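Colleague: I would like the atomic coordinates for the input below:
(one chain, ligands or ions: 2)
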Amino acid sequence: MNPGLTLWRNARLATFAGAEPWGLVEGGALLTEGSQLLWVGRDADLQRGLRVQADHDLQGALVTPGLVDAHTHLVYGGDRAAEFEMRLQGASYEDIARAGGGIRSTVAATRAASSEMLFASAAARARTLMQEGVTTLEIKSGYGLSAEHETRCLTVARRIGAELPLTVRTTSLAAHALPPEFAGRPDDYIDEACTWLAEQKAAGLVDAVDAFCDTIGFTATQTERIFMAAQQLGLPVKLHAEQLSDQGGAALAARYGALSCDHLEHLSASGIAAMQGAGTVAMLLPGAYYFLRDTKLPPVQALRDAGVPMAIATDHNPGSSPCLSLLLMLNMACTLFRLTPEEAWRGVTVNAARALGLQDRGTLAPGQRADFVAWDAEHPRELAYRFGHNPCLRVVFGGADR
Ligand code: DI6
Ligand code: FE
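Modeller: Ligands and ions are numbered 1, 2, ... in the order given. Next up, the predicted model:
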């Protein structure tokens, strides 16, 4: 008797492992031991006489890896519904930011909110994502913009990972916008923000470092100083790159071995080549593209031709993507960005895990973490096709139903 084994049988598996499209297995089963997948295959090939602690009949459901939302700004105070109205009346996102609104209005609301309020609102958002099968979630800081408030937001993000069943990876995004107390002194702000990282890392609060390299964010030179500070601490980097303009951010990030470059609507051919050379993931964010009513598409065909892995995320944030549905992003990646349904699926599983530097998830294969989702669907392409529809039946986090 092997007390630690749990069997999950009678499923149609989309493993995203191996060379077959989707990695489909009809009449499939999963064997888990603790938080890990021990065996993945056909029911019929299961070792006979296997004694298991628990035996779950999935009744023919489709089973996929747990979804990975690898780019979110989940922790913040307030909302930006009034700014949405202003944009509908003709104001641009950049105009609002330059007038002191935008990210900076969320910074004021975040600083004014108690940690308990920040936790309650972010945990509610995380639960909504989990109901659609998200089992791993990246959360960035970036609405605190001072040592105290950045650390507070990262601490709230870590607490979400500690209290909810999903895995949370945290990213420091102190270089998101210039806080009002540094108006006109962006270099001084960057100098100071670089000094926060060591303590945040020592406190176990940060897995990666990000920046917003753009006309309303920081220059490539300022971004590079943040990257150098990260590199000295051995922290991986990623970048909000080429979202509103081409600053050469992707090539810079690639030089620092970035895990991902994100947004990329204005990405150049040389940026693509640099990302390909560095193995950097292209993180595409259709929610922000849609919500800002952008018209410049990211260069999907060129990324595909170059073999750059593409990932998809919600970019949940109050200003440019107040979206809490990774399934909707799956659909929009296809309709707006012309990804194939399979590319979009790989973008929220295996390539999203890679964008977080995680090799232990994103596929259904022996040795992977037992994060998986049962869906009321026959084929995963149905989930990219429907929208405003949640066929999630059951989410398993590290081998446990919760
Ligand atoms: N780009 C974005 O789309 C988000 N951050 C960034 O650098 C938007 C953040 C916000 O508007 O609050
Ligand atoms: Fe973002």
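
Colleague: Confirm residue 137 sits in a strand?
Modeller: Yes: residue state for residue 137 (DSSP: H, G, I helix; E, B strand; the rest coil) corresponds to a strand.

Colleague: roughly how far apart are it and residue 72?
Modeller: Distance, residue 137 to residue 72, by Cβ to Cβ, to the nearest Å: 6 Å. In this view, the C-beta of every residue, glycine as well, is placed from N, C-alpha and C.

Colleague: These two: who's more crowded?
Modeller: Each of residue 137 and residue 72 has its neighbours counted (other Cβ atoms under 10 Å); residue 137 has more, 30 against 27.

Colleague: which bits of the protein sit near ligand 1?
Modeller: 102-103, 106, 176, 212, 240, 243, 288, 315, 317-320 (Cβ under 6 Å from any ligand atom).

Colleague: Return the subset of the residues you listed lying in strands.
Modeller: When DSSP state E is applied, those are split such that 212, 240 fall in strands.

Colleague: Could you dump the residues of the chain next to ligand 1 into JSON lines with pLDDT and neighbour count added?
Modeller: Formatted as JSON lines, the residues of the chain next to ligand 1 follow (pLDDT from 0 to 100; neighbours: other Cβ atoms under 10 Å):
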{"residue": "102", "pLDDT": "94", "neighbour count": "21"}
{"residue": "103", "pLDDT": "95", "neighbour count": "27"}
{"residue": "106", "pLDDT": "98", "neighbour count": "24"}
{"residue": "176", "pLDDT": "98", "neighbour count": "27"}
{"residue": "212", "pLDDT": "98", "neighbour count": "22"}
{"residue": "240", "pLDDT": "98", "neighbour count": "30"}
{"residue": "243", "pLDDT": "97", "neighbour count": "31"}
{"residue": "288", "pLDDT": "98", "neighbour count": "25"}
{"residue": "315", "pLDDT": "98", "neighbour count": "29"}
{"residue": "317", "pLDDT": "98", "neighbour count": "25"}
{"residue": "318", "pLDDT": "98", "neighbour count": "22"}
{"residue": "319", "pLDDT": "97", "neighbour count": "25"}
{"residue": "320", "pLDDT": "97", "neighbour count": "23"}
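
Colleague: how's the protein carved up into domains?
Modeller: Dividing the chain into domains by automatic domain parsing, as the record does, gives the ranges 5-65+363-401, 67-355.

Colleague: Could you identify which of those is most buried?
Modeller: Ranked by mean neighbour count, the domains of the chain are led by domain 67-355 with a mean of 21 (mean count of other Cβ atoms under 10 Å).

Colleague: Report the distance from it to the chain centre.
Modeller: 8 Å (Cα atoms, centre = their mean, to the nearest Å).

Colleague: how long is that domain end to end?
Modeller: Chord length of domain 67-355, first to last residue, is 13 Å (Cα to Cα, to the nearest Å).

Colleague: now do stretch 295-310
Modeller: 20 Å.

Colleague: can you check stretch 281-296 too?
Modeller: 20 Å.

Colleague: Strands of the stretch 101-250 of the chain, start to end?
Modeller: 134-140, 167-175, 208-213, 239-241 (DSSP state E, counting those that start in this stretch).

Colleague: what comes into contact with the last one?
Modeller: By Cβ atoms under 8 Å, 6 or more residues apart in numbering, the list of residues contacting strand 239-241 from outside reads 210-214, 217, 223, 247, 249-250, 252-253, 258, 260-264, 267, 271.

Colleague: Name the nearest residue to residue 333, ignoring sequence neighbours.
Modeller: Once flanking residues are discounted, residue 333 sits nearest to residue 344: 4.1 Å by Cβ to Cβ, 6 or more residues apart in numbering.

Colleague: pretty sure that neighbour contacts residue 385?
Modeller: No: look at residue 344 against residue 385 with Cβ atoms under 8 Å: they stay out of range, at 10.5 Å.

Colleague: what touches both of the two?
Modeller: 331, 334.

Colleague: Okay then, goodbye and thanks.
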